[in-house]
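S.K.: Need a 3D model of the sequence below.
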Amino acid sequence: YWGLQVEAGSFATSYIPTSGSTVTRVKDVAYLGYADMGWNDQETTIYAEVSRDYALANTLPRILDATTFYIMGHAADELAKMESFNYGTYRNLSGDADTLLAGTHKIAGAFDNNVGFSFATDGDVNTASGVQYFVAPLSGQNFYLLSNSGSNRYLNGYMKKLAIYPKRLPNATLQAMTSE
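M.R.: Sure, this is the predicted structure:
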């Protein structure tokens, strides 16, 4: 037996068994399991370096998605944001204007439950405080990378780095982490 696979891109992808007929590659969906990542339900900081190839209208590309908590882009205003859905209410905090245009971005989101959220994008930090800003326990969930749990909101680009800290880092640290 022998076979041949022709690639249109600049590098080869993994082998796709075709069994004699045309086959379309299934979408790659990457995720981390809750138990595998050391997530702290009470306070956590997430840092990501992402590169967005281009922006598509009416999309909400996800960077990290755990169904009720996510860091994402908002297409209408090209903002990156951190959002939590708790007991029927959305709480979110956005980066400054144009924080998720095409290009490379450094993003950090932090929370300390019932104290507040902080969100930094490319060196700018925004904070919201109060007991309404909390993340419901996420145990047993998967954390999807660059897509949502429904696998239909992809970031058009790639993630260069992802770090998750099981504590809430100070705003000055978030700003330093995301500065050029």
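
S.K.: tell me the centre residue of the protein?
M.R.: The residue lying closest to the centre of the chain (Cα atoms, centre = their mean) is Ile63, at 1.6 Å.

S.K.: quick one: contacts for it?
M.R.: Shown in contact with Ile63 (Cβ atoms under 8 Å, 6 or more residues apart in numbering): 48, 50, 70-73, 80, 107, 145-146, 155, 159. Backbone N, C-alpha and C define where each C-beta goes, glycine included.

S.K.: again, but for Ala128
M.R.: Residues in contact with Ala128 (Cβ under 8 Å, 6+ apart) are 91, 93, 116-118.

S.K.: again, only using 7 Å
M.R.: Residues near Ala128 by Cβ atoms under 7 Å, 6 or more residues apart in numbering: 93, 116-117.

S.K.: For it, what is the enclosing helix or strand?
M.R.: Using DSSP states H and E, Ala128 sits in strand 124-129.

S.K.: buried ones in that strand?
M.R.: 125-126, 128 (16 or more other Cβ atoms under 10 Å).

S.K.: What of stretch 15-35?
M.R.: Applying 16+ other Cβ under 10 Å to stretch 15-35 flags 31-32, 34 as buried.

S.K.: Output the residues you listed in JSON lines, with distance to Leu100 appended to each entry.
M.R.: Formatted as JSON lines, the buried residues of stretch 15-35 follow (distance: Cβ to Cβ, whole Å):
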{"residue": "Tyr31", "distance to Leu100": "21"}
{"residue": "Leu32", "distance to Leu100": "22"}
{"residue": "Tyr34", "distance to Leu100": "26"}
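
S.K.: thinking again about what came up before, ok, the residue nearest to the centre of the chain to Arg168 distance?
M.R.: For Ile63, the distance to Arg168 equals 19 Å [Cβ to Cβ, to the nearest Å].

S.K.: So Gln132 sits against Tyr90, correct?
M.R.: No: contact criterion Cβ atoms under 7 Å: Gln132 and Tyr90 do not qualify, at 10.6 Å.

S.K.: so what's Leu162 bridging to?
M.R.: Ala48 (DSSP bridges).

S.K.: what's the burial count for it?
M.R.: By other Cβ atoms under 10 Å, the residues close to Leu162 number 17.

S.K.: cool, and the one 10 residues further on?
M.R.: Other residues within reach of Ala172, judged by other Cβ under 10 Å, total 9.

S.K.: and the host helix or strand of it, which residues are buried?
M.R.: Assigned by DSSP H and E, Ala172 belongs to helix 171-178. For helix 171-178, the neighbour count (16+ other Cβ under 10 Å) marks 171, 173-175, 177-178 as buried.

S.K.: the inter-axis angle of it versus strand 124-129?
M.R.: Interaxial angle, helix 171-178 versus strand 124-129 (axes from the mean of the first three to the mean of the last three Cα atoms, to 10 degrees): 150 degrees.

S.K.: Thank you, goodbye.
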